[in-house]
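Visitor: Model the following, please.
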Amino acid sequence: MTSLYKESTGSGRPVVLIHGWPLSGEAWEKQVGVIADAGYRVVTYDRRGFGRSEKPSSGYDYDTLAADLADLLEAEDLRDVTLVGFSMGGGEVARYVANHGEDRLHSVVFASAVPPFMMKSDDNPDGPLTPEAAKEMEDGLKADRASFFDEFTTNFFSADGELRVTEADRQKAIALCEQSDQTAALACMESFGTTDFREDLKKITVPTLVLHGDADGIVPLEGSGARTHAAVAGSTVVTIEGGPHGVNVSHPDEFNAALLDFLKR
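Guide: Next up, the predicted model:
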């Protein structure tokens, strides 16, 4: 079993926060204390290959990543859980439900998340990621990690061409990116770009929140969050006006308020 770095804060009904690519559980720093203070046990972990977790040479497909999540819930004996998947982490949420069921779950949240299916194709014309853009990302990461992460974090936190976080927050994100293993980063880039979650979403029956910035340039609302909302019966959608991809950092008050309101249900 791959060793995952994890942290637990507070007590109460568990909320598991699953970070985006290529960050770590530290990316949730503006959420952890607020959610814990509201009476929940907040669990964060670093995905295999990222942050302080073990960095194996393989296992970056979503079936394995969802199995890692299942192992974590079992090891911590977490029940009545709300899973919050940010960006790539939304894929773990969808695949966890499809492969492991909802017995341990209370509800799920897709935040700036990649489902239903990122890659644009004849079968998925509304996919927001073109094969050309995916290849450009892959080539950029292979050629120069530092330059890639500098540009990526700028886009991650920008809306309408303007950076929506402090430079200090952007530099923190770059430091987390730098902790990623290159093999893991490339393999996960392929996984979140090419994995089809459309059938997975049909299996979700627990209460579901879709939380997305309406100015997300990395995982656009129209091609992802709006489609997930349409695919999950009875789901709730909250859009944050002017919110970039990293909306949990740029608009923490609005993000946290929407999340806490949903957790009360």
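Visitor: how about the residue nearest to the spatial centre of the chain, phi and psi?
Guide: Central residue of the chain (C-alpha atoms, centre = their mean): F86, 2.1 Å from the mean position. Note on F86: its backbone torsions stand at phi -100, psi 130 [degrees, to the nearest 10].
Visitor: Correct me if wrong: it contacts A113.
Guide: Yes: counting by C-beta atoms under 8 Å, F86 does reach A113; the two are 6.7 Å apart. For glycine as for every other residue, the C-beta is placed from the backbone atoms N, C-alpha and C.
Visitor: residues near the nearest residue to G213 once chain neighbours are set aside, how many?
Guide: In space, and not counting its chain neighbours, G213 is closest to G243: 2.2 Å by C-beta to C-beta, 6 or more residues apart in numbering. Number of residues near G243 (other C-beta atoms under 10 Å) recorded here: 23.
Visitor: Contact partners for G243?
Guide: With contact taken as C-beta atoms under 8 Å, 6 or more residues apart in numbering, G243 is in contact with 159, 164, 212-216, 250-251, 254-255.
Visitor: Of the residues you listed - the most surrounded one?
Guide: G213 (29 neighbours).
Visitor: Give the bridge partners for that one, please.
Guide: I240 (DSSP bridges).
Visitor: wait, what's in contact with it?
Guide: Contact analysis of G213 by C-beta under 8 Å, 6+ apart lists 112, 159, 221, 239-240, 242-245, 247, 250-251.
Visitor: which ones among these are found in strands?
Guide: 159, 239-240 (DSSP state E).
Visitor: roughly how far apart are the residue nearest to the centre of the chain and G12?
Guide: F86 sits at a distance of 21 Å from G12 (criterion: C-beta to C-beta, to the nearest Å).
Visitor: With R104 instead?
Guide: For R104 relative to G12 (C-beta to C-beta), the value is 16 Å.
Visitor: go on, P116?
Guide: Counting by C-beta to C-beta, the gap from P116 to G12 is 32 Å.
Visitor: Who has more neighbours out of those two?
Guide: Taking other C-beta under 10 Å, P116 and G12 do not tie; P116 has more neighbours (28 against 14).
Visitor: what are the phi and psi angles of the more buried one?
Guide: Torsion angles, degrees, to the nearest 10, at P116: phi -80, psi -30.
Visitor: begin at 279 from here
Guide: Right, with 279 as the first residue, what we last looked at is P394.
Visitor: What's the separation between it and D474?
Guide: For P394, the distance to D474 - C-beta to C-beta - is 7 Å.
Visitor: Distance-wise, check the residue in the chain sticking out farthest from the centre relative to P409.
Guide: Distance to the chain centre peaks in the chain at D400, reaching 25.9 Å (criterion: C-alpha atoms, centre = their mean). Plainly put, D400 is 12 Å away from P409 if you go by C-beta to C-beta.
Visitor: and what of A462?
Guide: 22 Å.
Visitor: Around P530, how many other residues sit close by?
Guide: 15.
Visitor: make that A411, sorry
Guide: 14.
Visitor: Mind telling me what element it is part of?
Guide: helix 409-421 (DSSP states H and E).
Visitor: Now do that helix: distance to the chain's middle.
Guide: Relative to its parent chain, helix 409-421 has a centroid offset of 20 Å by C-alpha atoms, centre = their mean, to the nearest Å.
Visitor: got a list of contacts for it?
Guide: By C-beta under 8 Å, 6+ apart, helix 409-421 touches 397-399, 425-426, 429, 460, 463-464, 467-468, 471-472.
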